[in-house]
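1. Sequence plus predicted model, see below.
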Amino acid sequence: MPSSTTPTHAVAGVALPPAPVDRPPLRRVRDCAVSGVAAGLARHLGWPLWVVRTAFVALTVVWGAGALLYAWLWVFVPWDDPRPPGGAAGTAGAGDPRSAGKADAATAAAHGHDVPTRRVPVAWLLTGAAIAVVLVTMAAIALFGANGVGRTSPPGWVGGVLLATALAVAAGAWATLVDRRDPARGPRHENVVRIVVTAALILLLLTQLSALRQTGIAGFVIALVPIAGILLVYSSILVDRWRELSGERVRRIREEQRAEMAAHLHDSVLQTLALIQNRAGASSEVARLARAQERELRSWLYDGDAPADSDLPTDLRDYAAALELDYPVRIDVVSAGLPAERASGEVAAASREAMLNAARHAGGDVSVYIEGNANAVDVYVRDRGPGFDLDDVPDDRLGIRQSILGRMRRAGGSATVRRGAGGGTEVHLRYAATPSPDAGSAHTREASRG
């Protein structure tokens, strides 16, 4: 009799095998103890985390198979996908007791969502073990020196010197190559670990030199081991710097290739698209398509791999590109300064409404000028249409009164609509985060002028 928990299907009296279980992909979780291997494997198999860790320990007893499997998974299993800010709680089964890494979402939200965070301070564990071995070795050297017996063969505490040096080098390498990128630790943690292990190796070296008379040439050779360890501790900095230089070299090569491609396309394709726009006119369908292709090509060439910003100029440029596809209009968006207003603010919504009105009723060329700083932002939307008087607009038309003027008034800013100096209409939006007396007088002048 088939189990009630295993779905089976029968076709013409033949029992089909159960449907495969939809498992999450094998990925290492970013909020992990050391490497995320056990947590990722537990989530993939649907097992409790302690069972997976116990299996690794048990297999290690069998000719080191568990350690080899763990190292193999550590090298070849990729990290889990970074979590978006404010997103859902990640992959399926994150709230299940069998899943691992339940604090991944909180850690990712606090540390940039893409950098792994390790809860176990591996560098400090290695540092503590190195200090303990150094103390034991120093005690053995002191007892050896108290006997006053000279010998030329290596003494018994040589193994302690080698072990202490290896642990110190491992602690420095882990702090530099792994913990430096951990947002919970960083460069300061790396420097502290390096200083502590260097001090321990220096004490070990001084203790060895005090017993150099009894050890002879063998002791001199052994004294070179802590010196080599100190050099290796700081050589990990060179490895990290080499990685940075290699990455910078690759980025520079990409920028050079992009610059060459941009120059070639600017001399050929972009000039051809600009010529098509000038010959066809702003209201032509051909000009609109050429304008859209030119904007898209320039964005790909000059923005590079930088992520799209959610600021006001970027939002208005994207909206202008969408309007150019729907209306016979050419919209130029120019920004000066670095306005702190975000794309989701009221200024952006009022600006989009003004641009939509200009594209729908005026057409032709529309200019959008953004000027701002950390405290205030001004947006000017000008068109070359026939123009209009706000008093002549019927009361039931609420696009300007509510979507522009009312929205800015409710947000604590100001908005004016007036005829342009050379014809057309100009909409001026102003929003100040910290209003001053000068801003109040300017607002009064703008209101009276409007």
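-> Alright, I've got the coordinates. Keep in mind that this is a model prediction, so the values were computed, not measured.

2. Can you classify Glu426 by secondary structure?
-> Secondary structure, DSSP: H, G, I helix; E, B strand; the rest coil: Glu426 is strand.

3. wait, it sits on Arg418?
-> Yes - with contacts counted by CB atoms under 8 Å, Glu426 reaches Arg418, the gap being 5.8 Å. The C-beta positions use only the backbone N, C-alpha and C, and glycine is treated the same way.

4. Look at these two and report which has more neighbours.
-> Glu426 (18 against 15; other CB atoms under 10 Å).

5. Pull up the gap between that one and Asp315, please.
-> 21 Å (CB to CB, to the nearest Å).

6. now Val37
-> Computed as CB to CB, the Val37 to Asp315 distance reads 42 Å.

7. Now do the phi/psi pair for Tyr78.
-> Heads up, residue 78 is Pro, not Tyr. Here is the backbone geometry of Pro78 (degrees, to the nearest 10): phi -80, psi 170.

8. quick one: contacts for the nearest residue to it once chain neighbours are set aside?
-> Computed as CB to CB, 6 or more residues apart in numbering, the closest residue to Pro78 that is not its neighbour in sequence is Arg27, at 6.2 Å. With contact taken as CB atoms under 8 Å, 6 or more residues apart in numbering, Arg27 is in contact with 40, 44, 77-81.

9. Please list only the buried members of the residues you listed.
-> 40, 44, 77, 79-80 (16 or more other CB atoms under 10 Å).

10. can I get these in JSON lines with distance to Leu270?
-> JSON lines is the format used below for the buried ones among the contacts of Arg27 (distance: CB to CB, whole Å):
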{"residue": "Gly40", "distance to Leu270": "47"}
{"residue": "His44", "distance to Leu270": "49"}
{"residue": "Val77", "distance to Leu270": "45"}
{"residue": "Trp79", "distance to Leu270": "40"}
{"residue": "Asp80", "distance to Leu270": "41"}
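
11. In strands, which of these fall?
-> Among these, no member is found in strands (DSSP state E).

12. Mind checking which of these are in helices?
-> 40, 44 (DSSP state H).

13. quick check, distance from stretch 259-278 to the centre of its chain.
-> 33 Å (CA atoms, centre = their mean, to the nearest Å).

14. Okay, buried residues for it please.
-> By neighbour count on 16+ other CB under 10 Å, the buried set for stretch 259-278 is 262, 265, 270, 273, 276-277.

15. Can you lay out those residues as TSV showing pLDDT, distance to Cys32 and secondary structure?
-> Formatted as TSV, the buried residues of stretch 259-278 follow (pLDDT from 0 to 100; distance: CB to CB, whole Å; DSSP: H, G, I helix; E, B strand; the rest coil):
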residue	pLDDT	distance to Cys32	secondary structure
Ala262	73	42	helix
Leu265	72	45	helix
Leu270	70	48	helix
Leu273	73	50	helix
Ile276	75	55	helix
Gln277	69	54	helix
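
16. Quick one: the strands in the stretch 351-450 of the chain, in order.
-> Using DSSP state E, counting those that start in this stretch, the strands of the stretch 351-450 of the chain run over residues 364-372, 376-383, 414-419, 425-432.

17. Out of the ones you listed, which gets nearest to Ala129?
-> The minimum distance between Ala129 and those falls on strand 364-372, with 56.2 Å, by CB to CB.

18. and the angle from that closest one to strand 425-432?
-> 20 degrees (axes from the mean of the first three to the mean of the last three CA atoms, to 10 degrees).

19. between strand 364-372 and strand 376-383, how big is the angle?
-> 170 degrees.

20. Could you list the residues in contact with strand 364-372?
-> By CB under 8 Å, 6+ apart, the surrounding residues in contact with strand 364-372 are 282-283, 312-313, 316, 320, 328-341, 351, 355, 358-359, 377-385.

21. How far off centre is it?
-> 32 Å.

22. buried sites along it?
-> For strand 364-372, by 16+ other CB under 10 Å, it's 364-368, 370, 372.

23. Please list all residues in contact with Val51.
-> Contacts of Val51 by CB under 8 Å, 6+ apart are Ala42.

24. how near is it to Arg418?
-> Val51 sits 74 Å away from Arg418, going by CB to CB.

25. How about Thr198?
-> Taking CB to CB, one finds Thr198 at 71 Å from Arg418.

26. quick one: which of the contacts of strand 364-372 sit in helices?
-> Using DSSP H, the members of the contacts of strand 364-372 that fall within helices are 312-313, 316, 320, 351, 355.

27. quick one: which of these is nearest to Val233?
-> Of those, the one sitting nearest to Val233 (CB to CB) turns out to be Pro313, at 48.1 Å.

28. neighbours around the closest one, how many?
-> Count around Pro313 with other CB under 10 Å applied: 22.

29. In space, what's closest to it - neighbours in sequence excluded?
-> Per CB to CB, 6+ apart, closest to Pro313 is Ser335, 3.9 Å.

30. got a list of what the one you found touches?
-> So Ser335 contacts 312-313, 369-371 (CB under 8 Å, 6+ apart).

31. So in terms of bridging, what pairs with it?
-> Residues in a beta bridge with Ser335, per DSSP bridges, are Ile370.

32. Please report how far it lies from Leu209.
-> 67 Å.

33. residues near Leu297, how many?
-> Around Leu297 there are 16 other residues, counting by other CB under 10 Å.

34. need the contact list for it.
-> Counted by CB under 8 Å, 6+ apart, Leu297 has contacts 265, 269-270, 273.

35. and what of Ala129?
-> Leu167.

36. Give the buried residues for the strand or helix carrying it.
-> Ala129 belongs to helix 122-147 when assigned by DSSP states H and E. For helix 122-147, the neighbour count (16+ other CB under 10 Å) marks 122-124, 126-127, 129-131, 133-134, 137-138, 140-141, 144-145 as buried.

37. still on that earlier bit, mind checking which of the contacts of strand 364-372 are buried?
-> Counted by 16+ other CB under 10 Å, the contacts of strand 364-372 give 282, 312-313, 316, 320, 329-331, 333, 335, 339-341, 351, 355, 358-359, 377-385 as buried.

38. Show me where the stretch 201-350 of the chain dips below the pLDDT cut-off.
-> Along the stretch 201-350 of the chain, segments meeting pLDDT under 70 span 266, 277-278, 280-285, 288, 301-310, 339-344.

39. isn't Ala349 right up against Arg407?
-> Yes - under the criterion of CB under 8 Å, Ala349 makes contact with Arg407 at 6.2 Å.
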